[in-house]
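> The sequence isn't on hand, but the structure is:
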């Protein structure tokens, strides 16, 4: 007898490819997969809970759980995770040589509540003593082709306003902004603007030192299952977790292939060893137990900033069937 039909949407990561090509199957499920950029996936999940299983922004999931209006229950599968020191761009002519110099400055970003920005502000506050209310924030699109539907939240004591009549890139290039948080390099940097640089020039070293000292590998995205589906099929949480975990392990194993490397990088073997030397053998773990520090940090950042309406416990983010993972 066939299992339930389940629609699933996520990006085409190496760690999901074995699901998409059928090498890994979700036990007891007839899946249909949709591959979308995370930005579109998040919008469709938020607007209509369109998919039974979907990639979710961790920051937005936390605020939805805190407010009690999330259509999804998470499972501890973390499809995207990235250190974010590298996404802080500044003007070199504004006296910004270290994170503490950001105090009193005007920083732009495309979405105040996006996970990457929450992580950066958490780093600034906890590692460098720079609080959100010591910076003025301006929200807008990065470039002319980048629309933004991001809301401008009201956070008591924090100056957050929309950036009117211009893009973040042009405002940075013109010196209207002192800096920028962006997951994409601003065009003015790529075009060789003489006064635009990363705040952390040796960002790889800084990120590795942060990982070694804190034990945190920041989480950006997780997987969610629609609550109405899960209520009548509670076993799905575990079945979906196990399938994603197997697919991820296949991707990790393929990094070690040296006869004919599958990855389009000349020194992928050296990079793999360097990563393991910092993060350990299981450098991209799923499950709650191995990720509690990273999850606790995000929950703390969200509550301390007033983005979530209350402090949320780690277990509240995830299906009960996965709490022992």
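Ah, there it is. Computed from a predicted model, the values in this text were never measured in an experiment.

> going forward, measure contacts between C-alpha atoms and count neighbours the same way
OK.

> Nearest spatial neighbour of residue 54, chain-adjacent residues omitted?
Distances taken as C-alpha to C-alpha, 6 or more residues apart in numbering place residue 9 nearest to residue 54, at 4.8 Å, with adjacent residues excluded.

> Correct me if wrong: the one you found contacts residue 33.
Yes: Residue 9 lies in contact with residue 33 (C-alpha atoms under 8 Å); the separation is 5.8 Å.

> hang on, the residue nearest to residue 54 in a helix?
No: counting by DSSP: H, G, I helix; E, B strand; the rest coil, residue 9 is not part of a helix but strand.

> of residue 9 and residue 33, who's got more company?
Set residue 9 next to residue 33 and count neighbours by other C-alpha atoms under 10 Å: residue 9 wins out with 24 against 15.

> so who does that one touch?
Residues near residue 9 by C-alpha atoms under 8 Å, 6 or more residues apart in numbering: 33-36, 41, 51, 53-55.

> who's it bridged to?
With beta bridges defined as DSSP bridges, residue 9 has these partners: residue 34, residue 54.

> just residue 75 next, same as before
Beta-bridge pairing for residue 75 (DSSP bridges): residue 223.

> go on, the one 5 residues further on?
With beta bridges defined as DSSP bridges, residue 80 has these partners: residue 221.

> what's around the closest residue in space to residue 219 that isn't next to it in sequence, how many residues?
Nearest residue to residue 219, sequence neighbours excluded (C-alpha to C-alpha, 6+ apart): residue 81, at 4.2 Å. Counted by other C-alpha under 10 Å, the residues lying close to residue 81 total 14.

> Would you mind measuring from residue 81 to residue 158?
According to C-alpha to C-alpha, to the nearest Å, residue 81 stands 27 Å off from residue 158.

> Show me the strands in the stretch 151-300 of the chain, by range?
Listed in chain order, the strands of the stretch 151-300 of the chain (DSSP state E, counting those that start in this stretch) span 159-162, 179-181, 196-198, 219-226.

> Columns mean pLDDT and mean neighbour count on top of the ones you listed, output as TSV?
Putting these into TSV (pLDDT from 0 to 100; neighbours: other C-alpha atoms under 10 Å) gives the following:
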stretch	mean pLDDT	mean neighbour count
strand 159-162	96	18
strand 179-181	98	29
strand 196-198	97	21
strand 219-226	98	24
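
> Of all these, which one comes closest to residue 96?
strand 179-181 (9.1 Å; C-alpha to C-alpha).

> Show residues contacting that closest one.
87-91, 105-110, 117, 168, 172.

> what do you get if the cut-off is 6 Å, keeping everything else the same?
For strand 179-181, contacts defined as C-alpha atoms under 6 Å, 6 or more residues apart in numbering pick out 87-90, 107-109.

> Same question for stretch 285-296.
76-77, 216, 218, 325.

> List buried residues within those.
Buried members of the contacts of stretch 285-296, counted by 16 or more other C-alpha atoms under 10 Å: 76-77, 216, 218.

> Most neighbours among the contacts of strand 179-181, which one?
Neighbour counts for the contacts of strand 179-181 peak at residue 108, which has 31 neighbours (criterion: other C-alpha under 10 Å).

> helix, strand or coil for it?
strand.

> likewise the one 10 residues further on?
In three-state terms, and counting by three-state DSSP, residue 118 is helix.

> Tell me the gap between stretch 111-119 and the middle of its chain.
8 Å (C-alpha atoms, centre = their mean, to the nearest Å).

> Contacts for that stretch next, please.
For stretch 111-119, the external contacting residues (C-alpha under 6 Å, 6+ apart) are 59, 150, 220.

> what's the closest of these to residue 267?
The closest of the contacts of stretch 111-119, once distances to residue 267 are taken by C-alpha to C-alpha, is residue 220, at 26.2 Å.

> on that earlier part again, nearest to residue 232, of the contacts of stretch 285-296?
So of the contacts of stretch 285-296, ranked by how close each gets to residue 232 (C-alpha to C-alpha), first place is residue 76, at 20.0 Å.

> burial of the nearest residue to the closest one once chain neighbours are set aside, as a residue count?
Take residue 76 and drop its neighbours on the chain: the residue closest to it by C-alpha to C-alpha, 6+ apart is residue 287, 4.8 Å away. Per other C-alpha under 10 Å, the neighbour tally for residue 287 reads 18.

> what are the phi and psi angles of residue 287?
phi 90, psi 160 (degrees, to the nearest 10).

> Check residue 90 too.
Dihedral angles for residue 90 - degrees, to the nearest 10 - are phi -140, psi 160.

> Report the central residue of this protein.
residue 220 (1.9 Å; C-alpha atoms, centre = their mean).

> I figured that one hits residue 84, correct?
No: in this structure, residue 220 is not within contact of residue 84 by C-alpha atoms under 6 Å, at 10.0 Å.

> List the buried residues in stretch 30-43.
31, 38, 41-42.

> For residue 184, the count of nearby residues, please.
Using other C-alpha under 10 Å, the number of residues around residue 184 comes to 8.

> The residue nearest to it when sequence neighbours are not counted and residue 200, how far apart?
The shortest distance from residue 184 to any non-neighbouring residue, by C-alpha to C-alpha, 6+ apart, is to residue 87 (7.5 Å). Computed as C-alpha to C-alpha, the residue 87 to residue 200 distance reads 9 Å.

> Sweet, I'm off.
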